[in-house]
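Engineer: One predicted model, sequence on top.
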Amino acid sequence: MADEVILLDYWPSMFGMRTRVALEEKNIKFDYREQDLFNKSPILLEMNPVHKKIPVLIHNGKPVCESLIQVEYIDETWPGGNPFLPSDPYQRAQAKFWGDFIDKKVYGPTRLIWGAKGEEQEAGTKEFIEMLKMLESELGDKTYFGGETFGYVDIAMIGFYCWFDVLEKCGNFSIEAECPKLIAWAKRCMKRERVAKSLPDSNKITKFVPELKKKIGIE
Amino acid sequence: MAERSEEVKLLGMWASPFSRRVEIALTLKGLPYEFSEQDIANKSPLLLQSNPVHKMIPVLLHNGKPISESLVILEYIDETWQNNPILPQDPYDRAIARFWARFVDEQIYVTAMKVVGKVGEEKDAAVEATRDLLKLMEKELVGKDFLGGESLGFVDIVATLVAFWLMRTEEVVGVKVVPVEMFPEIHRWVKNLLDVDVIKKCIPPEDEHLNYIRARMDSLKLKSV
C-alpha cells in the first residue's frame, strides 16, 4: 500500500525543519507544501484547526500536529533504519526531557534576539547563551546528543543552526566563542546529506529576518 | 513480584496537579512508592540535585535515577511497567493523545492561570479565552466516557488538572468558568472520573484543597496591591 505523506510547512521554521529532517532520515517520500502564514490555506485550517500552525504532517489523510510529536510518530510508524529514540526507557526519557527543554527554553529567547531591541534584546541574548551552555553541557564530548547515533534531540535542535548567523548579528555575539562544542556538533550534523538537504542556507535566513520584521510590523 | 529491588520515590507537592498526575499513574500501575513533600520556597538539596535544569517538582527517582517533567515521567512509567497501559498502542492514537496532553498543559493551564491572577476586564477576557479552549475539550468527549475512550488514559490523567484544579478554583475565584449548561460533557466526564478508585484515592482532599487555593489567591492579591 502506497503511503501518502504530506507536510504543510514554512521554509524558515525551525520546527518544520525537524519534521523535514525526520522524514528524510527515514527516507520517506513526502509532498512538501509551502504555506503562506499570512494567508492561511484551507488545508492548513482544516488539518490543524486548534492551533492553525505549521508544521502539519498528513499521513494517508490523517493529520499529526506539533513537531516533536511528529518526530516521534515518524519513528514509531517507520521503525526501520536508524531509530531516533533509544530503546531503554530511561534514555528515552532523557531525550524527551531535552526535546522539551529546547521547546520551552531555547526557542523563546531567539524571538527576543531578532525581534526586540535594547534591554529586552540583551536579556534574550543572555538567556539564549545560558540555555545553549546547558545543552552543550548535556552534549559533552559525545558525537551526537544520543551518543553515537543521530537522533531525537539532534533533530530537535539542528534547525536552530541556520538561524545562528542572524541571531549573532542581531545580538552582537558569537555562538562559537560561547559554545564551541555545540558548533562542532552542528557541523557534524550538517555533514549528513539528508540533514543538509532539509535545511535552508544560513544566509537565506539572515536575508529573510528583516523582511519578516517588516511584514509583522517591527522596526 | 519484585525481581530486583525497585526503589521508586516521588519528589512532589500535595496540591500540585503535575505531581498528582504522577501519583495517579504510579497507583494505576500498582507501584509502591515513597512520596517526599517538597517545599518550593526552600528547595531541598535532593530536588536541586535531581532536577538542576528546572529545579521543579515533580521528579521521579527510579532506583536513584531522576526523571523530570510530568509528561516525560508519565511516558517513562508507562514504558517501564507495562500493566494497565496509559497510552494507546497505535502510533496515530499516541500522537493524538500527546497532542491533547500538551494542549491541556500549554494552552488550558496557561490561560486558566490568568483567571486566577488577573482582575476586572483582563480576568473576563481570561475566562472567555479559557472557555474557548474548553469547548475543544468538550467536543472531544462527545460519545466517550473518558478522553481516552472507554477507559481512563493518558489525556484523562493529564486533564485532571481541569477537573480538580480549574473547576475547583471556581468556588474561590467566584466565577463559574465551566458552567454545566455550557459544558455538559465535561461535567459528565468529571463524574466518570470520580467513579474511578485510583482517581478518588489520588486527588487532593477537597476541603483542604479549597483552603489552600484560597490562601494562595489571597497572597497573590496581596502581591498585586
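Structural biologist: Okay, I see it. Numbers count the residues shown, from 1 in each chain, chains lettered A, B, ... in the order given.
Engineer: Just the CA atoms of stretch A:40-56, as PDB, please.
Structural biologist: Only the C-alpha atoms of stretch A:40-56 are listed here, as PDB (Å, rounded to 0.1, in the frame of the first residue of the first chain):
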ATOM      1  CA  LYS A  40      -3.600  30.500   5.700                       C
ATOM      2  CA  SER A  41      -4.700  27.900   3.300                       C
ATOM      3  CA  PRO A  42      -8.000  25.900   3.700                       C
ATOM      4  CA  ILE A  43      -6.000  22.700   4.100                       C
ATOM      5  CA  LEU A  44      -3.900  24.100   7.000                       C
ATOM      6  CA  LEU A  45      -7.000  25.400   8.700                       C
ATOM      7  CA  GLU A  46      -8.800  22.100   8.200                       C
ATOM      8  CA  MET A  47      -5.800  19.900   9.300                       C
ATOM      9  CA  ASN A  48      -4.800  22.000  12.400                       C
ATOM     10  CA  PRO A  49      -8.000  23.700  13.400                       C
ATOM     11  CA  VAL A  50      -6.800  24.000  17.100                       C
ATOM     12  CA  HIS A  51      -3.600  25.900  16.500                       C
ATOM     13  CA  LYS A  52      -3.600  26.800  12.800                       C
ATOM     14  CA  LYS A  53       0.100  26.400  12.800                       C
ATOM     15  CA  ILE A  54       2.800  24.600  10.800                       C
ATOM     16  CA  PRO A  55       4.200  22.000  10.600                       C
ATOM     17  CA  VAL A  56       1.400  19.600  10.000                       C
END
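Engineer: Residue ranges in chain B under the pLDDT threshold?
Structural biologist: Chain B contains residues with pLDDT under 70 at B:1-5, B:221-225.
Engineer: residues from it in reach of chain A?
Structural biologist: When proximity is defined as C-beta under 8 Å from any C-beta of the partner chain, chain B approaches chain A at B:53, B:62, B:65, B:67-69, B:71-73, B:75-76, B:79-80, B:91-92, B:94-96, B:98-99, B:102-103, B:136. Quick note: C-beta positions are derived from backbone N, CA and C, even for glycine.
Engineer: The longest helix seen in chain A and chain B, are they touching?
Structural biologist: Ranked by number of residues, the top helix in chain A under DSSP state H is helix A:118-139. Yes. Judged by C-beta under 8 Å from any C-beta, helix A:118-139 and chain B are in contact via A:Met134.
Engineer: packing partners for that helix?
Structural biologist: Applying 3 or more C-beta pairs under 8 Å, 6 or more residues apart in numbering or on different chains; DSSP states H and E, one finds that helix A:118-139 contacts helix A:89-101, helix A:107-115, helix A:161-171, helix A:175-178, helix A:180-190.
Engineer: closest to A:Ile74 out of those?
Structural biologist: Checking the helices and strands packed on helix A:118-139 against A:Ile74 by C-beta to C-beta gives helix A:89-101 as the closest, at 13.6 Å.
Engineer: Measure how the closest one sits relative to helix A:118-139, angle-wise.
Structural biologist: Orientation check (axes from the mean of the first three to the mean of the last three C-alpha atoms, to 10 degrees): helix A:89-101 against helix A:118-139 gives 170 degrees.
Engineer: Identify each buried residue in helix A:89-101, please.
Structural biologist: Buried residues in helix A:89-101, counted by 16 or more other C-beta atoms under 10 Å in any protein chain shown: A:89-90, A:92-101.
Engineer: which residues touch that helix?
Structural biologist: Here helix A:89-101 makes contact (C-beta atoms under 8 Å, 6 or more residues apart in numbering or on different chains) with A:68, A:71, A:85-86, A:131, A:134-135, A:138, A:145-146, A:151-153, A:156, B:53, B:62, B:65, B:67-69, B:71-73, B:75-76, B:79-80.
Engineer: Repeat that for stretch B:40-53.
Structural biologist: Stretch B:40-53 is contacted from outside by A:97, A:101, A:134, B:11, B:13, B:36, B:38, B:55-57, B:59, B:61, B:66, B:68, using C-beta under 8 Å, 6+ apart.
Engineer: The same query, at a cut-off of 6 Å, please.
Structural biologist: B:11, B:38, B:55, B:59, B:66, B:68 (C-beta atoms under 6 Å, 6 or more residues apart in numbering or on different chains).
Engineer: go on, stretch A:45-63?
Structural biologist: For stretch A:45-63, the external contacting residues (C-beta under 6 Å, 6+ apart) are A:4-10, A:15-16, A:19, A:35, A:64-65, A:67, A:70.
Engineer: follow-up on the earlier one: looking at the contacts of helix A:89-101, which are in helices?
Structural biologist: Short answer: those in helices (DSSP H) are A:68, A:71, A:131, A:134-135, A:138, A:152-153, A:156, B:71-73, B:75-76, B:79-80.
Engineer: Which member of the residues you listed is positioned nearest B:Lys191?
Structural biologist: Ranked by distance to B:Lys191 (C-beta to C-beta), the ones in helices among the contacts of helix A:89-101 are led by B:Leu71 at 25.6 Å.
Engineer: and the closest residue to B:Ser36 other than its chain neighbours, helix, strand or coil?
Structural biologist: Of all residues not flanking B:Ser36 in the chain, B:Leu11 sits nearest, at 5.2 Å (C-beta to C-beta, 6 or more residues apart in numbering or on different chains). Assigned state for B:Leu11: strand (three-state reduction, DSSP: H, G, I helix; E, B strand; the rest coil).
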